[in-house]
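Asks: below are the sequence and a predicted model; questions follow.
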Amino acid sequence: MAMVSEFLGQLSLNTGTLEPMHPTVLPAVDFDPDRDAARLETAIKTKGVDEQTIIDVLTKRTYSQRRDIAFAYEKRAKKDMISALKGALSGSLETVILGLMKSTAQYDASEIRGSIKGLGTDEETLIEIVCSRSNDELVEIKKVYKELFKKELEKDVAGDTSGNFAKLLLALVQTKRDEPSAVVDYKKIDADAKALYDAGLGTKGTDVATWISIMSERSVPHLQKVFQTYKSYSPYDMQESITKEVKGDLQKSFLVLVQCFENKQLYFAKRLNDAMKSKGAKEKVVTRIIVSRCEVDLKKICSEYKANFGQSLQKTILEHTKGDYQKVLLGLCGPEQ
């Protein structure tokens, strides 16, 4: 029972967010958790395991429905469904299915924890999650992180990173970003654009603290206008300026932030394309984006993918993956639009 309550006790609902949702995984109509639990029990007990049924059921239910199935399964089979799935599955399919048994916030929190635990830091994962999540998502991740790991996310991030890179991540994790306003403050937009220029290309060295405070505290619609106005001060756009001014993980973080402010779903589409087409496809990246965004905005990521790369994400998955891993990813992406 501990396993179910540990992973499923926190039902994360995306409330209060101003970002429109574009999920590919929607609540199943005519949902019956007992029937699904029975199907899964049979699939797990079948000789050789019926992976297709497990994929069919769990990729077509939302997290809250999967949670209901897990409780029904435990009542029925007298054993924990997550442990049963762990025992029945392996490899990439197991990773995806176990990821689906967590809420979006639990999944993100676990991925962050995995990126900073142990020897060395997986900066790529840390940057992707912290720099691409909205304020509401980060608030929820912090809460869940503390519940799951009995630690403060801020402390763990601070203990595992250093310098301006650490300062930027901490500023984001502190979730001080303004809420979008119906009032457009052109004076403030101009002041921020000039401040970004003066702190970078307009001075010797870079005043990173100014960049951090503007990019971690202003609302996204405000920043979109700031970056437009920035071009009237600078011969380079914001992304080019970042590349010229800072290096390493700090540069990567600022670039992810700016790309996400401008078009978050396009950022994820590009990440997926790079990961799929890189030598020895970066499965970890593909899995993380598809699992973490399937109940958030994966539908929009799919349409950005097709618009920018000339073919659907589903077709690229067919070309670059195989077996049950391919089936589970396609199940989460849904049919081509």
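Replies: Cool, the structure landed.
Asks: strands along the protein, start to end?
Replies: With DSSP state E as the definition, the chain shows no strands.
Asks: so what does the longest helix along it touch, helix or strand wise?
Replies: Assignment by DSSP state H gives helix 248-277 as the longest helix of the chain. Packing partners of helix 248-277 (3 or more Cβ pairs under 8 Å, 6 or more residues apart in numbering; DSSP states H and E): helix 123-132, helix 163-173, helix 208-217, helix 220-230, helix 238-245, helix 283-293, helix 298-309, helix 313-320. C-beta coordinates here come from the backbone N, C-alpha and C atoms, glycine included.
Asks: in the last one, which residues are buried?
Replies: Looking back up the chat, that one is helix 313-320. Of all the residues in helix 313-320, those buried under the rule 16 or more other Cβ atoms under 10 Å are 313-314, 316-317, 320.
Asks: circling back to that earlier point, how far off centre is the longest helix of the chain?
Replies: Per Cα atoms, centre = their mean, to the nearest Å, the displacement of helix 248-277 from the mean C-alpha position of its chain is 11 Å.
Asks: tell me the one of the buried residues of helix 313-320 nearest Ile212?
Replies: Leu313 (33.3 Å; Cβ to Cβ).
Asks: leaving out chain neighbours, which residue sits closest to that closest one?
Replies: Counting by Cβ to Cβ, 6 or more residues apart in numbering, Tyr305 is the residue found nearest to Leu313 once chain neighbours are left out, at 4.3 Å.
Asks: Ile141 and Ala166, how far apart?
Replies: Look at Ile141 and Ala166: by Cβ to Cβ, to the nearest Å, they are 18 Å apart.
Asks: so between the two, which is more surrounded?
Replies: Taking neighbours as other Cβ atoms under 10 Å, Ile141 and Ala166 compare with Ile141 leading, 26 against 16.
Asks: contacts only, for the residue positioned nearest the centre of the chain.
Replies: With distances taken as Cα atoms, centre = their mean, the chain has Ser292 as the residue nearest its mean C-alpha position (4.7 Å). By Cβ atoms under 8 Å, 6 or more residues apart in numbering, Ser292 lies in contact with 99, 104, 107-108, 111, 129.
Asks: how about 6 Å then?
Replies: 107-108 (Cβ atoms under 6 Å, 6 or more residues apart in numbering).
Asks: pLDDT wise, what is it at?
Replies: Ser292 carries a pLDDT score of 98 in this model.
Asks: show me the contact partners of stretch 171-180.
Replies: Residues from elsewhere that reach stretch 171-180 (Cβ under 6 Å, 6+ apart): 18, 130, 135, 138-139, 153-154, 157, 212, 216-219, 221.
Asks: now do that stretch: distance to the chain's middle.
Replies: How far stretch 171-180 lies from its chain's middle: 17 Å, per Cα atoms, centre = their mean.
Asks: buried ones in that stretch?
Replies: Quick answer for stretch 171-180 (16+ other Cβ under 10 Å): 171-173, 175, 177.
Asks: poorly predicted segments of this protein, please.
Replies: Across the chain, the ranges flagged by pLDDT under 70 are 1-19, 280-281.
Asks: is it true that Lys306 touches Ser312?
Replies: Yes. Lys306 is in contact with Ser312 according to Cβ atoms under 6 Å; the separation is 5.0 Å.
Asks: now for the nearest residue to Thr121 once chain neighbours are set aside, how many residues are close by?
Replies: Closest residue in space to Thr121, ignoring its immediate chain neighbours: Asp160 at 5.2 Å, by Cβ to Cβ, 6+ apart. By other Cβ under 10 Å, 18 other residues sit near Asp160.
Asks: of the buried residues of stretch 171-180, closest to Lys188?
Replies: Proximity of the buried residues of stretch 171-180 to Lys188 (Cβ to Cβ) peaks at Arg177, which lies at 14.5 Å.
Asks: how close does that closest one sit to Leu26?
Replies: From Arg177 to Leu26 the distance is 29 Å (Cβ to Cβ).
Asks: would you indicate which residues of stretch 263-279 are buried?
Replies: Residues 264-273, 275-276 are the ones in stretch 263-279 that count as buried (16+ other Cβ under 10 Å).
Asks: mind giving me CSV with the residues you listed and columns for distance to Gln326?
Replies: Shown next, in CSV, are the buried residues of stretch 263-279 (distance: Cβ to Cβ, whole Å):
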residue, distance to Gln326
Lys264, 26
Gln265, 22
Leu266, 24
Tyr267, 24
Phe268, 19
Ala269, 19
Lys270, 21
Arg271, 19
Leu272, 14
Asn273, 17
Ala275, 15
Met276, 11
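Asks: what's the closest of these to Val57?
Replies: Leu272 (24.8 Å).
Asks: residues contacting that closest one?
Replies: Residues in contact with Leu272 (Cβ under 6 Å, 6+ apart) are Ile289.
Asks: next: Leu85.
Replies: Ile97.
Asks: apply 8 Å and report the result again.
Replies: Listed by Cβ under 8 Å, 6+ apart, the contact set of Leu85 reads 44, 54, 94, 97-98, 101.
Asks: now for the buried residues of stretch 171-180: which two are most distant?
Replies: The largest separation in the buried residues of stretch 171-180, counting by Cβ to Cβ, is between Val173 and Arg177 at 11.1 Å.
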